[in-house]
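Asks: from the sequence below, what's the structure:
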Amino acid sequence: EIKSIVNNNIFKERLNVHFENYNNMNILFKKKTFDKILFIESINYSNNITELLTKSNNLLKNKGQIFIKTLIIPKTDNINLNTNFNDIKKKLNMNLYTHENIITLLQKSKYSNVKYSSIPFILSENFNYPSFYLTLKKLKLLSLNKLLSSLPILIGYYIGNK
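Replies: You can find the predicted model right below:
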């Protein structure tokens, strides 16, 4: 759908959209190919986020940027919260990171001038879609305990420069 919108719009000449397995991006593309790389609610599925961010940096042109939109959890010693976060990770088959994790990983991968903002997950656009609730129900994440545990989860937005 995104490719169709881009191809039928004024962006056609300025935008080249790729949907590929990002674990193979260094094979699919030459170094310094992109002005911007976007990870929209996808980076949590990487088995090696450090390698992914490093590969991304290599694919960016000078002054290129990375944009990441992702779930982030708070750094906490609360056993109940951590148990629920681990349950959510398993059920969604994804990794969850703290804000500190993401910042450190971006810095280790040589991104600079990292900007950040966030909103509570429960206020995100995901909650506007009925299919999102069906997914939560299917995964048994709609219990009161799970919903209360999700209150400190944020959607984090990061922009880093090469």
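
Asks: can you give me the strands for the chain?
Replies: 34-40, 60-73, 97-98, 112-120, 154-161 (DSSP state E).

Asks: quick one: closest of the ones you listed to Ile2.
Replies: strand 34-40 (10.1 Å; Cβ to Cβ). (C-beta placed from N, C-alpha, C; glycine too.)

Asks: just checking, what's the longest helix in this structure?
Replies: helix 79-92 (DSSP state H).

Asks: most centrally placed residue in this structure?
Replies: Thr70 (3.2 Å; Cα atoms, centre = their mean).

Asks: in the sheet, who's paired with it?
Replies: Gly156 (DSSP bridges).

Asks: quick one: contacts for it?
Replies: By Cβ atoms under 8 Å, 6 or more residues apart in numbering, the contact set of Thr70 is Phe39, Glu41, Ser42, Ile43, Asn44, Tyr97, Ile102, Ile155, Gly156, Tyr158.

Asks: can I get those in a markdown table including pLDDT, neighbour count and distance to Lys108?
Replies: Formatted as a markdown table, the contacts of Thr70 follow (pLDDT from 0 to 100; neighbours: other Cβ atoms under 10 Å; distance: Cβ to Cβ, whole Å):
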| residue | pLDDT | neighbour count | distance to Lys108 |
| --- | --- | --- | --- |
| Phe39 | 92 | 20 | 16 |
| Glu41 | 88 | 14 | 22 |
| Ser42 | 90 | 14 | 20 |
| Ile43 | 93 | 23 | 14 |
| Asn44 | 92 | 18 | 18 |
| Tyr97 | 95 | 19 | 13 |
| Ile102 | 96 | 21 | 11 |
| Ile155 | 92 | 19 | 23 |
| Gly156 | 95 | 21 | 17 |
| Tyr158 | 97 | 23 | 14 |
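
Asks: pipe the residues you listed into JSON lines and attach distance to Asn126 per row.
Replies: Formatted as JSON lines, the contacts of Thr70 follow (distance: Cβ to Cβ, whole Å):
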{"residue": "Phe39", "distance to Asn126": "16"}
{"residue": "Glu41", "distance to Asn126": "8"}
{"residue": "Ser42", "distance to Asn126": "14"}
{"residue": "Ile43", "distance to Asn126": "16"}
{"residue": "Asn44", "distance to Asn126": "14"}
{"residue": "Tyr97", "distance to Asn126": "18"}
{"residue": "Ile102", "distance to Asn126": "19"}
{"residue": "Ile155", "distance to Asn126": "8"}
{"residue": "Gly156", "distance to Asn126": "14"}
{"residue": "Tyr158", "distance to Asn126": "18"}
